[in-house]
Structure formats: C-alpha cells, structure tokens
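**Student:** let me see the structure of the following:
(one chain, ligands or ions: 1)
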Amino acid sequence: MAARILEGKVYAQKLKEDAGKKAAELREKYGMAPGLAVIIVGENPASQVYVRNKHKSCEELGISSEVISMPEESTKEELLARIDDLNGDTKIHGILVQLPLPKQIAAYEAEILNRIAPEKDVDGFHPVNVGRLVTGEAGLVPCTPAGCIRMLDMAGIPLDGKRAVVIGRSNIVGKPMFHLLLARHATVTVCHSHTANLAEITREADILVAAIGKPNFVTADMVKPGAAVIDVGINRIAPKKLMGDVDFEQVKEVAGAITPVPGGVGLLTVAMLMQNVVKAMEMQMQA
Ligand code: NDP
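**Tutor:** Reported below is the predicted structural model:
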C-alpha cells in the first residue's frame, strides 16, 4: 500500500497559526511584538529569497521583522559590531545571520554566530543552546530538526520506544535530530559517510531521517515496510528542479509515511523559525 504523504504545507500552516496566536498574546501582554532581525551580507540570490520568505512570514504573523543588508565587502569587525547592537536592542528578540557568508569572512563563521546572545539565537546554533539541547534544558533548538519532530507529532507518529535512524551528523540537522529523538525516548542510531552496512541499519528504522545532501540516496531496499521516512535533503539538480535525499517514487511504495521534496520539511523550517522568535521573546520576558 502506498505511503501516507506528509504534506509540509499542512503542518507548516498549523505551526504558523500557533506562532501568530502566541505573537498576538505577547503583543497584548507586553505592548510590543516579538522582533526578528536578519542580517544578510552581500548579494547571494538564494539567500535573498530565503530572507524575503522569512520577512514575509513575520509580516503575516504579526512578528516585527528587520532585514539588515550589509555590503559584500563587510569586515568581520563590522558584522560583529552590528550583532552587538542587536544583542542590546530590547525590541529585537531573535537574531539570525543568513549563511553562507562572503568568502573574506566565511572562515570566521563560528565566531560570528557565537557572538549572537544565546537567548536571541533563533537558529539554535550557539554552543550554549547546543549544550541545553544535549542536557535537556529549555533553550532554542535548530529549526529544521525541531520542525521534523513537530510534524511527526502532529501526524500522530509515535516516537517513544521506536527505532529511529538518522543519516547525517551535521550540527544543523543530524546531531540535533539525534538529541531530539533521544529526548522523546526513541532508540536512535546516527549514520554517516563512514558507516558500514548502512542499508542493514536503515532497514531497522521505524523512523528514518535522511539529511545527507545526495539526490535519491535512500532507495526502497533501505526502508522497513511501514516506516515513517523524513526527507530533509534539498538538492538542486536543475535551475528549477529540487530533489530530496530519498527516492520518493520507489520509497513511497514501501514506507508507511513519507515527506515529499519539495513541499515537505523545507516548509517547516521557516514555520519553526517563527515559533523560535516567539519562544525567544517569552523566555526573555520571563527572565
Ligand atoms: P552536511 O553536508 O553538513 O552533512 C551531510 C551528512 O551526510 C554528513 O554527516 C555526511 O557524513 C553524511 N553523508 C554523506 N555521504 C554519505 C553516505 N554516502 N552515507 C552516509 N552518510 C553520508 O549537510 P546538512 O546536514 O547541512 O544538510 C543535509 C541536507 O539537508 C542537504 O541536502 C541540505 O540542503 C538539506 N537541508 C535542508 C533544510 C531544510 O530546511 N529542509 C535545512 C538544512 C539542510 P560525514 O559526516 O561522514 O561527512
């Protein structure tokens, strides 16, 4: 039987509605909207599209949004000074530096991201937030893996006691995904490019998360019948054609549930960013 298709649009809409409702409550309570500042350095066209989408979502939900465009040739010091200003601005609750950075400052990416105050780090990349995720304390969690968990919950797919396998161990997807699944009492294995007998491991998964960056990498023979397959991959294979890490056409005949690409996890990421901005304001107001 063909798998249930988990449409990102449906779940992203729910997450956004929820964020919009909370934003309205915060405006009512504190006389101020949650505020997001996005810094974009240079003219990368893909980054500009992402930043526009974030700005548009904020406007729809009553979240105040400021886009700070800095010239391509900006120095590390100039960028750090801008982050410092935003860290001290009480109307701004979330700060995000759009990646990738131009080449003259790309090597300082960690230093730049770590300059964002942890309580305003709505990407959840700061080591303080990473530590909180690992130890199970409240903090800001990276948007894409957090969105995957929220989608699984909304789809009624249980995690407790299940076998979960994550392919990919990046700091922004694979590792936080591991911690989030573990916190929900799944038994989790993380695979990567050195993993031996990968298909044997993935075939054990009730929940299989693919975050690899290789089109059609996960094939039907790697999937346990009835598994929930979450495809995080976004691979641009032609100017207007995106493909996931999972061979959707084959795997949907074996899986119990599957996310499409495009139209799956990608849509949840911006929705979770909106949730994180609201959460950041709540945490700052309660501190
Ligand atoms: P990275 O390149 O940082 O990580 C890829 C991971 O895949 C690495 O851990 C790597 O292993 C592993 N890998 C590579 N080849 C193999 C292989 N042959 N077998 C097993 N594992 C392998 O990518 P990201 O985590 O940043 O992103 C992954 C994908 O998700 C990309 O397509 C990206 O575009 C997409 N993405 C989508 C988002 C969304 O909003 N939906 C957000 C973020 C990312 P090793 O560590 O050993 O190198």
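**Student:** quick one: V130 is in a helix?
**Tutor:** Yes - using DSSP: H, G, I helix; E, B strand; the rest coil, the secondary structure at V130 is a helix.
**Student:** give me every residue that touches it.
**Tutor:** 124, 171, 176 (CB atoms under 8 Å, 6 or more residues apart in numbering). All C-beta atoms are positioned from the backbone trio N, CA, C, and that covers glycine.
**Student:** adjacent strands (with direction) for the helix or strand bottoming out on mean pLDDT in the chain?
**Tutor:** When each helix and strand of the chain is scored by mean pLDDT, DSSP states H and E, strand 235-238 comes last, with a mean of 92. Note on strand 235-238: by DSSP bridges, its sheet partners are strand 241-243 (antiparallel).
**Student:** filter the contacts of V130 down to the buried ones.
**Tutor:** Buried members of those, counted by 16 or more other CB atoms under 10 Å: 124, 176.
**Student:** I'd like the contacts of V130 as TSV, with secondary structure, pLDDT and distance to K54 appended.
**Tutor:** Output for the contacts of V130, formatted as TSV (DSSP: H, G, I helix; E, B strand; the rest coil; pLDDT from 0 to 100; distance: CB to CB, whole Å):
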residue	secondary structure	pLDDT	distance to K54
G124	coil	98	15
N171	coil	96	20
P176	helix	98	19
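**Student:** list just the nearest of the contacts of V130 to the ligand.
**Tutor:** N171 (7.6 Å; CB to the nearest ligand atom).
**Student:** secondary structure element for the residue nearest to that closest one when sequence neighbours are not counted?
**Tutor:** In this structure, N171 finds its nearest non-sequential neighbour in F125, 7.0 Å apart by CB to CB, 6 or more residues apart in numbering. Under DSSP states H and E, no helix or strand contains F125.
**Student:** all the helices of the stretch 51-200 of the chain, in order from the start?
**Tutor:** Along the stretch 51-200 of the chain, counting by DSSP state H, counting those that start in this stretch, helices occupy 76-87, 103-106, 109-114, 127-135, 143-154, 174-183, 198-202.
**Student:** next SSE downstream of the last one?
**Tutor:** Looking back up the chat, that one is helix 198-202. Next element after helix 198-202 (DSSP H and E): strand 207-210.
**Student:** that next one and the ligand in contact?
**Tutor:** No - Strand 207-210 does not reach the ligand (CB under 6 Å from any ligand atom); its nearest approach is 8.0 Å.
**Student:** now do stretch 234-245
**Tutor:** Yes - contact of stretch 234-245 with the ligand (CB under 6 Å from any ligand atom) involves 234-235.
**Student:** so how far does that stretch reach from one end to the other?
**Tutor:** This stretch, stretch 234-245, spans 7 Å end to end (CA to CA, to the nearest Å).
**Student:** buried residues in that stretch, which are they?
**Tutor:** In stretch 234-245, counting by 16+ other CB under 10 Å, buried: 234-235, 243-245.
**Student:** could you break this protein into its assigned domains?
**Tutor:** 31-117, 143-267 (automatic domain parsing).
**Student:** buried deepest among the ones you listed, which one?
**Tutor:** domain 143-267 (a mean of 20; mean count of other CB atoms under 10 Å).
**Student:** would you turn the domains of the chain into JSON lines with distance to E282?
**Tutor:** Shown next, in JSON lines, are these (distance: least, CB to CB, whole Å):
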{"stretch": "domain 31-117", "distance to E282": "8"}
{"stretch": "domain 143-267", "distance to E282": "15"}
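**Student:** to A19, which of those lies closest?
**Tutor:** A19 sits nearest to domain 31-117 of all the domains of the chain, at 5.5 Å, using CB to CB.
**Student:** tell me the mean pLDDT for the closest one?
**Tutor:** The average pLDDT within domain 31-117 is 97.
**Student:** wondering if that domain reaches the ligand at all.
**Tutor:** No - legend: contact between domain 31-117 and the ligand by CB under 6 Å from any ligand atom is lacking; minimum distance shown is 9.4 Å.
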